[in-house]
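> Output the structure for:
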Amino acid sequence: MTQDPFAAPILVWLRRDLRLRDNPALSAAAASGRPVVPVFLWDPVFDALGAAPRFRFGRGLSQFQTCLKQLGSALVLRRGEALNALQQLVAETGATALYWNRQYDPGGIDRDRRIKKQLSDSGLEVRSFMGNLLCEPWQVKTGSGGHYRVYSPFWRALSRQDIAPPLPAPTHLRPPVQWPQSDALVTWQLDRPMQRGAEVVAPHLRVGEAAAQVQLAAFLEEKLPNYADHRDLPAQPATSGLSEPLAYGEVSARDIWHQTALRTGGEVAHKFLKELAWRDFAWHLTYHDPHILTSCWRPEWQGFHWHEDTQAAVFQAWRQGRTGIPLVDAGMRELFVTGKMHNRVRMVVASFLTKHLRMHWRLGQAWFADTLVDWDPASNAMGWQWVAGCGPDAAPYFRIFNPETQRAKFDPDQCYTRRWLAELSPDPGPEALAFFDAAPRQWQVDPAQGYPSPIVDLAAGRQAALAALVQFKAGAEHPLNE
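This next block holds a predicted model:
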């Protein structure tokens with residue numbers, strides 16, 4: 001094995017950072033002048049992904065392989081426990097360094113710390129770089145040096161930070177003398193958990209770095225001027241659509257921030273940048289309060305009685321978009337056909353589940369983790385807890401979205417609901433009918449069945465939720481009684 005330090009490769013372990021532009025670990029490796037071996041691992045952290053994120057990851061990996069090939073490089077795919085797989089690659093390539101961009105979830109942090117210690121102790125240079133956030137979670141501090149628990153002051157503090165400008169994409173990656181063996185992506189069968197839904201969802205995906213940049217440019221040019229006024233209208237294509245590429249690191253948050261600031265300014269961009277920063281806030285809290293991913297962020301809510309029977313008929317009706325509440329069902333069917341759901345509708349379907357049906361928010365969180373192609377663990381957890389009333393910056397539990405009022409306000413012409421509910425249209429479009437192609441056969445759903453009656457009276461459901469809150473407060477000794 002050669003002793004030339006400039007000939008020894010650097011392994012770049014890619015995770016949720018499938019891009020060339022503003023990829024700190026990849027840029028640092030390229031700038032070294034040494035051979036670069038990009039690596040992606042199917043390890044236990046990746047194995048825990050739900051069906052839709054795994055399927056979407058596969059499409060992203062395929063596209064990123066093409067991008068690397070254009071630079072004279074390749075993507076090495078390996079499956080197994082991360083430390084063992086990396087040690088094998090070090091032995092096979094003679095690599096003397098390992099670079100990666102940081103992750104901020106508790107599982108990723110624990111894994112990376114263990115790997116960094118063991119490989120560093122063995123003499124390997126291990127470097128980690130800033131991940132796909134605007135600022136590191138420890139950079140934005142309160143006046144007392146703690147972390148923020150409320151969004152508004154967090155936003156003010158973050159907006160005063162110097163957001164690092166995006167790094168240019170490398171134009172060449174020096175290959176190793178010999179590439180190590182790689183799994184073939186097709187053998188991973190990442191589409192398989194989606195079953196027949198993969199074919200339905202696939203046309204709605206926007207995959208890869210180039211597509212993300214086109215999406216960003218189009219949003220800034222065409223949609224941003226009316227973003228604040230139209231973003232809550234689900235029938236309007238008014239949002240950025242960038243949650244999907246952000247989830248896989250096909251575009252960086254810093255790149256979005258700076259391109260937005262360069263092309264616009266003032267109040268026009270303010271609302272959108274606050275939404276981008278909301279994602280940072282979710283990761284800020286996940287880093288400092290990791291229990292937000294698995295249990296109520298506000299500990300006083302741990303004893304609240306939400307129903308948790310996943311076989312309950314009402315929960316099955318919610319999952320299948322057959323609650324008889326049009327806006328709720330339209331959102332759940334949009335999710336199954338496209339892998340995404342309009343943000344305003346996400347809040348409505350979450351409120352309906354956790355309040356009108358009083359099902360546990362964790363059940364909704366898990367369903368979204370399995371079906372969203374733009375699934376982000378931090379944003380998903382914080383969003384569900386915000387609606388349920390047990391999270392940071394929470395909508396109070398007694399704030400209960402009325403799906404009919406919301407439909408009248410944000411979908412007054414029923415364009416959105418009719419787009420997704422075949423039973424409510426005399427001539428349903430292909431998107432509405434696609435739901436029945438994507439739905440698992442065991443659901444036995446058919447448009448000929450007709451639209452179902454409501455599974456709950458909205459007024460009665462609201463009163464039952466408020467009564468549950470009163471009962472809970474009466475029997476609890478915690479801040480809810482203050």
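
> the helices in the stretch 151-300 of the chain, which residues?
Assigned by DSSP state H, counting those that start in this stretch, the helices in the stretch 151-300 of the chain fall at 151-159, 185-188, 197-201, 209-218, 227-230, 243-247, 253-263, 267-288.

> In CSV, list the C-alpha atoms belonging to the fourth one.
This points to helix 209-218. The C-alpha trace of helix 209-218 is given here as CSV (Å, rounded to 0.1, in the frame of the first residue of the first chain):
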residue,chain,number,x,y,z
GLU,A,209,-30.1,18.4,-7.2
ALA,A,210,-30.8,19.8,-10.7
ALA,A,211,-34.5,19.4,-10.2
ALA,A,212,-34.3,21.1,-6.8
GLN,A,213,-32.4,24.1,-8.3
VAL,A,214,-35.0,24.4,-11.0
GLN,A,215,-37.8,24.2,-8.4
LEU,A,216,-36.1,26.9,-6.2
ALA,A,217,-35.6,29.3,-9.2
ALA,A,218,-39.2,28.9,-10.3
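
> Can you pull out the residues in contact with that helix?
For helix 209-218, contacts defined as C-beta atoms under 8 Å, 6 or more residues apart in numbering pick out 18-21, 63-64, 67, 206, 240-242, 245, 250-251, 255-256, 259. Every residue, glycine included, has its C-beta placed from N, CA and C.

> Same question for the third one.
Helix 197-201 is touched from outside by 51-52, 55, 191, 194, 336-339, 373, 434, 437-440, with contacts defined as C-beta under 8 Å, 6+ apart.

> domains for this structure, by residue range?
Using automatic domain parsing, the domain parsing of the chain gives 1-131, 190-288, 299-475.

> so what's Phe6 scoring on pLDDT?
Listed pLDDT for Phe6 reads 69.

> swap in Thr2?
If you check Thr2, the pLDDT there is 44.

> swap in Asp393?
pLDDT recorded at Asp393 is 75.

> out of everything not next to it in sequence, what's closest to it?
Excluding the flanking residues, the one nearest Asp393 by C-beta to C-beta, 6 or more residues apart in numbering is Tyr151, at 4.6 Å.

> Likewise for Thr171?
Counting by C-beta to C-beta, 6+ apart, Leu71 is the residue found nearest to Thr171 once chain neighbours are left out, at 7.2 Å.

> One more: Leu421?
Leu421 sits nearest to Ala330 (C-beta to C-beta, 6+ apart), 5.5 Å away.

> Run a quick neighbour tally on Met347.
19 (other C-beta atoms under 10 Å).

> Quick check: mean pLDDT of stretch 214-224?
Averaged over stretch 214-224, pLDDT sits at 95.

> First-to-last residue distance for it?
The first and last residues of stretch 214-224 sit 14 Å apart, counting by C-alpha to C-alpha, to the nearest Å.

> try stretch 235-248
Separation of the first and last residues of stretch 235-248 by C-alpha to C-alpha is 26 Å.

> Now that stretch: buried residues?
235-236, 238-248 (16 or more other C-beta atoms under 10 Å).

> So which residues of this protein form strands?
10-14, 36-42, 76-79, 97-101, 125-129 (DSSP state E).

> Highest mean neighbour count out of the ones you listed?
Of all the strands of the chain, strand 10-14 has the most neighbours on average by mean count of other C-beta atoms under 10 Å, namely a mean of 26.

> which residues are contacting it?
Strand 10-14 has contacts (C-beta under 8 Å, 6+ apart) with 25-26, 29, 32, 34-41, 64, 75, 86, 89-90, 93, 95-101.

> I'd like the mean pLDDT over it, please.
Across strand 10-14, pLDDT averages out at 98.

> Low-confidence regions, the stretch 151-300 of the chain specifically.
For the stretch 151-300 of the chain, the stretches with pLDDT under 70 are 264-267.

> so the residue nearest to Thr171 touches Leu173, yeah?
Yes. Contact criterion C-beta atoms under 8 Å: Leu71 and Leu173 qualify, at 4.8 Å.

> deepest of the helices of the stretch 151-300 of the chain, which one?
For these, the largest average neighbour count (mean count of other C-beta under 10 Å) is found in helix 243-247, namely a mean of 23.

> For that helix, which helices and strands make contact with it?
Counting contacts by 3 or more C-beta pairs under 8 Å, 6 or more residues apart in numbering; DSSP states H and E, helix 243-247 packs against helix 51-70, helix 209-218.

> how about the nearest residue to Trp179, chain neighbours excluded?
Ala74 (6.0 Å).

> Could you pull up the contacting residues of the one you found?
Neighbour list for Ala74: Pro38, Gln65, Leu68, Pro175, Trp179, Ser182 [criterion: C-beta under 8 Å, 6+ apart].

> The last one: neighbouring residues, count only.
When neighbours are counted by other C-beta under 10 Å, Ser182 registers 15.

> can you tell me which residues contact Arg111?
Asp43, Val45, Ala82.

> Distance of the second one relative to Pro153?
In this case it means Val45. Distance, Val45 to Pro153, by C-beta to C-beta, to the nearest Å: 32 Å.

> cool, the first one as well?
Plainly put, Asp43 is 37 Å away from Pro153 if you go by C-beta to C-beta.

> Including distance to Phe398, could the strands of the chain go into TSV?
Shown next, in TSV, are the strands of the chain (distance: least, C-beta to C-beta, whole Å):
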stretch	distance to Phe398
strand 10-14	45
strand 36-42	45
strand 76-79	48
strand 97-101	42
strand 125-129	44
